[in-house]
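Undergrad: no sequence on this one, just coordinates:
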């Protein structure tokens with residue numbers, strides 16, 4: 001039996017000063033991103049950020065997530081940037097490249113500090129996370145939601161124990177994320193579910209898709225969207241190594257489907273997307289997504305990581 005990557009691992013934290021907190025973004029449905037940390041302890045096998053790490057000449061393999069840069073001054077820099085007369089109070093997306101509620105947040109509390117700044121300026125915000133630690137900040141999130149538009153997306157690709165353990169080794173169990181959604185919704189915060197990425201031959205089985213849709217509905221999620229897996233260089237090599245370790249029988253299928261491309265041809269995922277749409281209708285879950293948080297298509301989007 002293939003050994004599992006340990007959920008908890010030794011991580012080195014490097015405290016750094018950032019020159020800017022807000023990162024301009026192109027070719028997406030939002031214009032500004034904010035990441036209090038660089039690197040992510042969640043170490044998801046399919047993380048698209050591994051591709052950016054490769055381009056930045058940083059580890060994208062098993063070493064990814066073992067070294068985290070902590071932008072210790074990020075909240076102060078953000079306050080200065082939001083205070084500029086030229087700032088137009090555009091939506092700021094937190095966590096487009098690194099999870100704002102990864103374990104480092106328990107120690108450094110930078111995400112909370114940034115949320116307090118956004119609240120003070122009544123600035124619209126959106127966030128994507130896998131971290132149930134977010135419930136610690138319900139007070140400031142509730143304040144922000146009363147003053148400006150706020151949407152949280154919880155990433156829940158699957159609630160299957162086996163797939164979760166092998167592909168998201170540093171994350172909390174999906175059931176804990178669903179409990180966090182319940183608490184946030186009870187506090188009046190707009191929270192949806194991102195069922196992404198769906199893994200062909202693994203989490204795309206109809207019964208597993210339905211498990212997520214039903215769980216999202218039960219937790220009170222305001223919407224659910226889904227995307228299929230994509231594999232750019234950097235992510236591709238690591239994900240294929242995980243397949244070889246745990247599901248070697250799927251390697252030929254993936255190598256054929258993704259040969260020469262990062263995204264599946266539309267026809268490959270069309271049936272799965274139709275099934276997700278059917279399940280949303282069946283269980284009364286909206287397909288509304290306030291901000292589409294998907295991997296940027298062009299290399300210049302490395303600015304997401306800064």
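TA: Sure, I can see it. Since we're looking at a predicted model, the values are computed, not measured.
Undergrad: What distance separates the opening and closing residues of stretch 71-91?
TA: The first residue of stretch 71-91 is 21 Å away from its last residue (Cα to Cα, to the nearest Å).
Undergrad: Now do it, average pLDDT.
TA: Per-residue pLDDT over stretch 71-91 has a mean of 97.
Undergrad: And for stretch 37-57?
TA: 81.
Undergrad: Just the strands from this structure, written as ranges.
TA: Remark: strands assigned in the chain by DSSP state E are 12-16, 22-24, 32-34, 37-38, 67-71, 92-94, 125-129, 150-155, 191-198, 224-228.
Undergrad: In CSV: the ones you listed, plus distance to residue 215 and mean neighbour count.
TA: (C-beta placed from N, C-alpha, C; glycine too.) Formatted as CSV, these follow (distance: least, Cβ to Cβ, whole Å; neighbours: other Cβ atoms under 10 Å):
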stretch, distance to residue 215, mean neighbour count
strand 12-16, 33, 12
strand 22-24, 33, 17
strand 32-34, 28, 24
strand 37-38, 28, 22
strand 67-71, 30, 20
strand 92-94, 24, 26
strand 125-129, 17, 24
strand 150-155, 11, 24
strand 191-198, 8, 24
strand 224-228, 10, 22
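Undergrad: Could you provide those in TSV, with additional columns for distance to residue 137?
TA: Listed next are the strands of the chain as TSV, based on distance: least, Cβ to Cβ, whole Å:
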stretch	distance to residue 137
strand 12-16	20
strand 22-24	20
strand 32-34	15
strand 37-38	15
strand 67-71	18
strand 92-94	11
strand 125-129	10
strand 150-155	11
strand 191-198	13
strand 224-228	23
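Undergrad: count of residues packed around residue 119?
TA: Residue 119: 21 surrounding residues under other Cβ atoms under 10 Å.
Undergrad: That one against residue 142, yeah?
TA: No - contact between residue 119 and residue 142 fails when scored by Cβ atoms under 8 Å: they sit 9.4 Å apart.
Undergrad: Centre of the chain to stretch 89-107, how far?
TA: Offset of stretch 89-107 from its chain centre (Cα atoms, centre = their mean, to the nearest Å): 9 Å.
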